[in-house]
Structure formats: structure tokens, C-alpha cells
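Student: Sequence and computational prediction follow.
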Amino acid sequence: MDKISLAGLALGMVAIIGGQYLEGGHIGSLVQPTALLIVLGGTLGAVLLQSPIHVFKRGIRMAKWVWVPPVIEQKRQIDQIVNWSHLSRREGLLALENFIPGIKDDFARKGLQLLVDGAEPERIRELLEVDINTFEEEWRQSARIWDAAGGYSPTIGILGAVMGLIHVMENLSDPTKLGAGIAVAFVATIYGVGLANLIYLPIAGKLKYYISRMVAAREMMVDGLVGIAVGDNPRIIEGRLKGYLH
């Protein structure tokens with residue numbers, strides 16, 4: 001569990017609600033189901049319109065990374081690569097073939113298979129970098145749905161506020177309702193801006209961070225496999241790969 005995400009969300013909510021209370025406002029005045037429906041529904045509709053369904057679904061699933069980060073075991077990968085390096089120097093590249101069936105990660109298994117098959121180092125790098133670029137682009141496209149939501153939400157909030165003001169204008173005959181009606185109208189703007197800057201954009205930023213780390217782990221794997229292919233000393237390989245660690 002990523003506690004800092006929980007702390008950040010809680011702090012943001014407390015600051016806004018606390019500020020409303022300290023200013024003498026009523027907390028209940030911020031609770032407007034209609035405004036929330038307009039902002040959430042309008043934002044969701046806009047994001048669905050711009051995104052293919054498989055990209056949208058993956059982006060929604062990725063949101064759990066904010067609370068439960070993906071497992072990126074770079075230290076274990078370094079130990080694994082160094083072990084392969086020692087074995088290949090003692091017994092040759094074909095000795096690594098026995099490890100292939102036990103590798104769960106498709107990318108690492110493909111790279112090791114290329115190494116065992118005797119592919120040239122630059123060819124290994126070229127083929128695996130194509131996979132990395134495709135992987136990164138696919139996952140970043142999914143993360144961008146949260147960026148998109150952060151862009152649409154404030155505008156939808158303004159739309160909700162305008163709709164509320166139209167309703168107020170229809171009741172000009174009763175001046176006692178004008179103040180409350182205008183206040184309710186602008187709650188939609190609060191929802192739009194608040195959701196964008198407290199939820200959507202921070203989620204997008206954190207997802208991009210984890211995607212960058214996953215890409216770095218794959219680049220590290222490529223670097224290690226190429227080092228084995230060219231016959232680098234295991235110590236040199238290990239030292240170079242440790243440069244990828246955070």
C-alpha cells in the first residue's frame with residue numbers, strides 16, 4: 001500500500017473542507033449531487049469519446065497502481081543477469097537454455113532465447129528495443145486517459161455552473177433564492193477543478209512514473225543481455241546495471 005498517496009489525498013480534502021469551515025461556510029453547501037453528476041458524467045463521456053475501449057479499460061485498471069504499486073524487482077533481475085553471465089563464461093551460452101522455460105516474463109524470455117540462439121549483440125538490442133518502444137507507447141496511451149480527464153473536468157465544471165446560472169435566471173422573480181442558487185451553481189466549478197487537480201492529474205503523474213520505471217527495468221535487461229553476448233566480465237555487467245537502480 002502506497003501510504004503517501006492516501007496521505008496526499010486526505011491532506012487535500014482536509015485543506016479544502018477545512019478552509020470552507022474556517023471561512024464560516026457550511027460543509028453541506030459543497031454537497032450537490034446534481035453538480036457531481038454533471039461533472040463526472042460529462043468527463044467520462046468525453047474521455048470515452050476520445051479513447052479506444054481497450055485503452056480506456058487498461059487505464060482504469062492501472063489506477064490501482066496509485067495504491068498498490070506494480071512490483072519492479074530490479075535487484076533480483078541484476079542478480080539473475082549476473083548469474084547468467086557467470087554461467088555463460090564457464091559453460092557457454094547454450095547452458096542458459098535451461099533457464100528459458102522457468103522465466104515468466106515474456107520480454108526476458110524472448111531476450112534470453114535470442115542470446116542462446118547466438119544472435120548478434122546489436123541485433124538483440126534492436127529487436128528488444130522495438131518491444132520496449134511498443135510497450136511504453138501502449139501503457140502511456142492508457143495513462144493519458146487520466147490526463148484527458150484532468151483537462152476536460154474543469155471545462156465540464158464551468159458548463160455545469162452556467163447551467164446552474166441559467167436556472168437562477170429563470171427564478172429572478174424571487175430575489176430571496178438568487179444568492180443560494182448562484183452558490184449552488186458554482187459548486188460544479190469546484191468539483192470540476194478539484195477533481196482535475198486532486199485526483200485525475202496526480203493519478204496520471206504517478207502512473208507515468210511507474211511506466212518509466214518499468215521501461216528502465218526492461219532497458220536494464222537489454223543492457224545485461226547485450227553485455228553477456230559481447231562477453232563482458234560479470235563484475236563490469238553488474239556495476240553497469242546497478243546504475244539503473246533508484
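Tutor: Perfect, I can see it now.
Student: Next, find the distance separating the nearest residue to residue 114 once chain neighbours are set aside from residue 42.
Tutor: In space, residue 114 comes closest to residue 124 once its chain neighbours are excluded; the distance is 4.9 Å by C-beta to C-beta, 6 or more residues apart in numbering. For the C-beta atoms, the positions are set from N, CA and C on the backbone; glycine is no exception. Noted for residue 124: a distance of 48 Å to residue 42, by C-beta to C-beta, to the nearest Å.
Student: So for the two, which sits in the more crowded spot?
Tutor: Shown here are residue 124 and residue 42; by other C-beta atoms under 10 Å, residue 124 has more neighbours (22 against 19).
Student: which residues does that one contact?
Tutor: 111, 114, 115, 222, 225, 226, 229 (C-beta atoms under 8 Å, 6 or more residues apart in numbering).
Student: Can you report how many residues lie near residue 14?
Tutor: Neighbour tally, residue 14, other C-beta under 10 Å: 10.
Student: Touching the strand or helix carrying it from outside, list them.
Tutor: Using DSSP states H and E, residue 14 maps to helix 3-22. Defining contact as C-beta under 8 Å, 6+ apart, one finds that helix 3-22 is touched by 26, 27, 29, 30, 66, 67, 194, 198, 199, 202, 206.
Student: Report the buried members of the residues you listed.
Tutor: 30, 66, 194, 198, 199, 202, 206 (16 or more other C-beta atoms under 10 Å).
Student: quick one: which of those residues is nearest residue 182?
Tutor: residue 30 (14.6 Å; C-beta to C-beta).
Student: Next, the contact list for that closest one, please.
Tutor: 17, 20, 187, 190.
Student: Now do the buried residues in the least confident helix or strand in the chain by mean pLDDT.
Tutor: Lowest by mean pLDDT, DSSP states H and E among the helices and strands of the chain is helix 178-195, with a mean of 81. For helix 178-195, burial by neighbour count (16+ other C-beta under 10 Å) applies to 181, 183-195.
Student: how about those in TSV, adding distance to residue 97?
Tutor: Shown next, in TSV, are these (distance: C-beta to C-beta, whole Å):
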residue	distance to residue 97
181	75
183	71
184	69
185	69
186	67
187	64
188	62
189	62
190	61
191	58
192	57
193	57
194	56
195	52
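Student: between those, which is closest to residue 46?
Tutor: residue 192 (11.7 Å).
Student: and the residue nearest to the closest one when sequence neighbours are not counted, what element?
Tutor: Once flanking residues are discounted, residue 192 sits nearest to residue 157: 1.8 Å by C-beta to C-beta, 6+ apart. Assigned by DSSP H and E, residue 157 falls within helix 121-169.
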